[in-house]
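**Student:** pasting the sequence and the predicted coordinates here, then a few questions.
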Amino acid sequence: MNERTIPVYQPDLSGNESRYVNEAVDSSWISSQGSFLKRFEEMFGAFIGTPHVTAVSNGTVALHLAMHCLDFQPGDEVIVPSFTYIASVNTIVQAGGTPVFCEVRSSDWLMDPEDVISKITPRTRAIMPVHLYGAACDMDRLCAISKEYGLRMIEDCAEALGTSWKGQHVGTFGDVSTWSFFGNKTVTTGEGGMVATRDPALLRKMAIAKGQGQDLDRRYWHSVLGFNYRMTNLCAAIGTAQMERVDDILGRKRNIAAAYRKELANAPVQFQTLPNEVVSSEWLVSLLLPKGIDRDRVMKSMGDLGIDTRPVFYCAHHMPPHARPDLRLPVSEDIAARGISLPSYPQLTADDIERVCNALKRLI
Ligand SMILES: *Cc1c(COP(=O)(O)O)cnc(C)c1O
């Protein structure tokens with residue numbers, strides 16, 4: 001049997017992507033100015049529900065830019081789940097803050113509001129909900145906490161384009177939100193990112209800082225410290241074509257997730273369980289293997305059958321740059337040890353899903 005390998009992800013670039021990239025090349029606007037940038041930002045802002053967005057070169061610098069513009073002071077603490085992608089944590093340190101790791105809930109694997117409260121100190125400046133795998137954190141509770149304790153909120157929405165809480169798109173609850181358009185994200189520009197806010201003054205500050213701190217109306221005058229975090233018009237051309245099809249991409253990903261849940265309904269695996277308030281983007285279908293099973297062996301055997309999988313994120317408090325050997329986060333540690341992500345790209349077929357599920361059921 002010579003079946004093709006099913007990857008965990010591959011972007012669907014079958015719309016106007018190459019046409020728009022060629023238009024950008026033909027126009028010679030290939031750097032960080034050009035009409036696609038404006039179009040992409042407008043489409044993106046309209047989709048999530050705020051006009052105050054600006055495109056950047058990736059999701060990591062989006063986080064750094066957002067927190068840089070919140071002016072952390074030395075010793076300022078930012079509460080963040082340890083169970084997250086490493087960029088959420090690295091950028092807190094890079095922006096001058098101190099990450100304080102909180103626990104996630106065993107149901108939805110996301111920031112546990114009760115544990116957030118227990119981690120608040122007089123030095124806490126901000127909280128960073130991370131809407132992992134397309135789910136949404138408990139925004140009722142987290143907004144109430146941020147209000148009650150006077151904390152800024154940075155939403156890491158890299159995996160949550162299309163995700164809503166009570167009908168409101170994530171990324172519009174906190175002070176600022178950050179987005180990624182890496183090749184495996186729901187909408188991709190190759191590498192790319194976005195920051196969004198409801199606060200026009202903060203947007204202006206971020207727009208200046210991302211462009212070398214140059215005044216928006218006086219060229220080569222740099223009134224603040226800045227970076228080069230700009231997106232190119234080429235990336236925005238791809239992003240524009242992707243946004244034209246975002247509803248279609250999301251619809252297919254939701255069907256894929258529903259199919260996995262149905263096929264594996266009787267298997268001893270555990271999916272993220274979301275409250276009714278959440279509509280997930282179903283970025284990457286992930287599940288916990290039964291306790292006591294050797295995850296690496298299962299993933300290796302899946303690989304031998306031509307099915308690519310990946311482990312969920314390891315805990316940040318176990319990583320050398322952020323190691324906290326004293327810290328115990330049992331729920332996060334358990335999820336990090338047992339979770340795997342399954343192929344979840346938009347072109348995945350019903351036959352592919354059946355193949356993945358049959359292999360998984362046999363191996364566990
Ligand atoms: C992808 C991702 C990022 C970083 O985005 P890049 O564009 O790869 O830099 C940050 N946070 C989370 C949760 C992500 O999944």
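**Tutor:** It's in.

**Student:** quick one, domains of the protein?
**Tutor:** Following automatic domain parsing, one gets these domains for the chain: 17-244, 246-363.

**Student:** which of those sits closest to the ligand?
**Tutor:** Of all these, it is domain 17-244 that lies closest to the ligand, at 2.5 Å by CB to the nearest ligand atom. Placement of C-beta: from N, CA and C, glycine included.

**Student:** what about the closest one, distance to the chain center?
**Tutor:** Taking CA atoms, centre = their mean, to the nearest Å, one finds the center of domain 17-244 at 9 Å from the center of the full chain.

**Student:** that domain near the ligand at all?
**Tutor:** Yes. Using CB under 6 Å from any ligand atom, domain 17-244 reaches the ligand at 58-60, 84-85, 87-88, 130, 156, 158-159, 180, 182, 193.

**Student:** where does this structure dip in pLDDT?
**Tutor:** Scanning the chain for pLDDT under 70 picks out 1-2.

**Student:** for the lengthiest helix in it, name the packing helices and strands.
**Tutor:** Assignment by DSSP state H gives helix 246-263 as the longest helix of the chain. Where contact means 3 or more CB pairs under 8 Å, 6 or more residues apart in numbering; DSSP states H and E, helix 246-263 is packed against helix 350-363.

**Student:** all helices for the chain, in order.
**Tutor:** Going by DSSP H, the chain shows helices at 17-27, 35-48, 59-68, 86-94, 113-119, 139-149, 200-210, 233-244, 246-263, 295-304, 330-338, 350-363.

**Student:** in CSV: those, plus mean neighbour count.
**Tutor:** Formatted as CSV, the helices of the chain follow (neighbours: other CB atoms under 10 Å):
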stretch, mean neighbour count
helix 17-27, 16
helix 35-48, 19
helix 59-68, 27
helix 86-94, 21
helix 113-119, 16
helix 139-149, 16
helix 200-210, 19
helix 233-244, 26
helix 246-263, 17
helix 295-304, 14
helix 330-338, 18
helix 350-363, 16
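
**Student:** just put those in CSV and tack on distance to Pro275.
**Tutor:** Shown next, in CSV, are the helices of the chain (distance: least, CB to CB, whole Å):
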stretch, distance to Pro275
helix 17-27, 35
helix 35-48, 21
helix 59-68, 25
helix 86-94, 22
helix 113-119, 12
helix 139-149, 10
helix 200-210, 29
helix 233-244, 28
helix 246-263, 16
helix 295-304, 27
helix 330-338, 17
helix 350-363, 25
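
**Student:** out of the ones you listed, which comes closest to Leu288?
**Tutor:** helix 330-338 (4.4 Å; CB to CB).

**Student:** export that closest one to PDB, keeping only CA atoms.
**Tutor:** What follows is helix 330-338, C-alpha atoms only, in PDB (Å, rounded to 0.1, in the frame of the first residue of the first chain):
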ATOM      1  CA  PRO A 330      -0.700  19.500  37.500                       C
ATOM      2  CA  VAL A 331      -3.400  20.100  35.000                       C
ATOM      3  CA  SER A 332      -1.100  21.800  32.500                       C
ATOM      4  CA  GLU A 333       1.600  19.200  32.900                       C
ATOM      5  CA  ASP A 334      -0.900  16.400  32.400                       C
ATOM      6  CA  ILE A 335      -2.300  17.900  29.200                       C
ATOM      7  CA  ALA A 336       1.200  18.700  27.900                       C
ATOM      8  CA  ALA A 337       2.200  15.100  28.400                       C
ATOM      9  CA  ARG A 338      -0.800  13.400  26.800                       C
END
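
**Student:** quick one, that helix and helix 295-304 angle?
**Tutor:** If you take axes from the mean of the first three to the mean of the last three CA atoms, to 10 degrees, helix 330-338 sits at 30 degrees to helix 295-304.

**Student:** which neighbouring elements make contact with helix 330-338?
**Tutor:** Applying 3+ CB pairs under 8 Å, 6+ apart, we find helix 330-338 packed against strand 286-288.

**Student:** ok, now which ones touch the residue nearest in space to the middle of the chain?
**Tutor:** The centre of the chain sits closest to Ala158, judged by CA atoms, centre = their mean, with a distance of 2.0 Å. If you count contacts by CB atoms under 8 Å, 6 or more residues apart in numbering, Ala158 has them with Gly59, Tyr85, Ala87, Val130, Thr178, Trp179, Ser180, Phe182, Lys185, Gly193.

**Student:** check Ala209 too.
**Tutor:** Neighbouring residues of Ala209 by CB under 8 Å, 6+ apart: Leu65, His68, Cys69, Val224, Leu225, Gly226, Phe227, Tyr229.

**Student:** now, which of the contacts of Ala158 lie within strands?
**Tutor:** Thr178, Trp179, Ser180, Gly193 (DSSP state E).

**Student:** max pairwise distance over the residues you listed: which two?
**Tutor:** Thr178 and Ser180 (7.6 Å).
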